[in-house]
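**Student:** Sequence first, predicted model second:
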Amino acid sequence: SNAMNIQSELEFKFAHYLINNAVEASFCLGDNWQFLYVNDATCRMTEYSREQLLSMNLQDIDVDFALHDWEEIRQKNNYTFKTRYRSQSGRIFLVEMSLTFLEDQERRFSCVFVREKS
């Protein structure tokens with residue numbers, strides 16, 4: 001029904017607005033850890049533009065990427081851990097990453113919230 005479409009469109013707009021204006025960096029990653037979606041806070045934190053990030057993957061900013069046991073992490077629905085990111089200007093900083101895995105018929109992806117740790 002048309003009312004349903006309007007409802008889901010509104011929900012999408014609200015979700016999009018909330019995610020983009022969230023203080024917390026959040027992004028979605030595809031199967032090969034490529035960025036599928038990034039919010040404004042992620043751009044501010046990493047100093048990359050949205051366009052740049054969408055052509056990159058997590059390995060490009062996560063200094064400790066190779067140290068994580070990604071197979072083990074993928075086994076869990078939710079996983080929170082600390083790692084270090086490198087911003088575009090070369091600043092290295094500690095973050096806490098919380099991943100939630102989702103899948104539909106053909107893809108598996110993850111939604112991530114990131115907090116900088118002092």
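**Tutor:** Sure thing, it's come through.

**Student:** neighbouring contacts of the top helix by length along the chain?
**Tutor:** Ranked by residue count and defined by DSSP state H, the top helix of the chain is helix 2-21. Defining contact as CB atoms under 8 Å, 6 or more residues apart in numbering, one finds that helix 2-21 is touched by 26, 39, 40. No exception for glycine: its C-beta is placed from N, CA and C like everyone else's.

**Student:** who's in contact with residue 47?
**Tutor:** Counting by CB under 8 Å, 6+ apart, residue 47 touches 87, 88, 89, 91.

**Student:** if we go to 6 Å?
**Tutor:** 87, 88, 89 (CB atoms under 6 Å, 6 or more residues apart in numbering).

**Student:** So which residues of this protein form strands?
**Tutor:** Counting by DSSP state E, the chain has these strands, from start to end: 25-29, 35-38, 78-86, 92-103, 108-116.

**Student:** for this structure, which spans come out with low pLDDT?
**Tutor:** 1-2, 4 (pLDDT under 70).

**Student:** Tell me how far the residue nearest the centre of the chain lies from residue 62.
**Tutor:** Residue closest to the mean C-alpha point of the chain, counted by CA atoms, centre = their mean, is residue 27 at 2.2 Å. According to CB to CB, to the nearest Å, residue 27 stands 12 Å off from residue 62.

**Student:** returning to that earlier point: neighbours around the spatially closest residue to the residue nearest to the centre of the chain that is not a sequence neighbour, how many?
**Tutor:** Distance criterion CB to CB, 6 or more residues apart in numbering; nearest residue to residue 27, sequence neighbours excluded, is residue 38 at 4.3 Å. Residue 38 has 26 neighbours, counted by other CB atoms under 10 Å.

**Student:** residues touching residue 38, list them.
**Tutor:** Neighbour list for residue 38: 27, 50, 53 [criterion: CB under 6 Å, 6+ apart].

**Student:** again, 8 Å this time
**Tutor:** For residue 38, counting by CB under 8 Å, 6+ apart, the contacting residues are 26, 27, 50, 53, 54.

**Student:** ok, the last one - how many residues close by?
**Tutor:** Okay, so that is residue 54. As a measure of burial, residue 54 has 14 neighbours, counting by other CB under 10 Å.

**Student:** what are the bridge partners for the residue lying closest to residue 74 once chain neighbours are set aside, then?
**Tutor:** Nearest residue to residue 74 in three dimensions, chain neighbours excluded: residue 101, at 6.7 Å (CB to CB, 6+ apart). With DSSP bridges as the criterion, residue 101 is bridged to residue 110.
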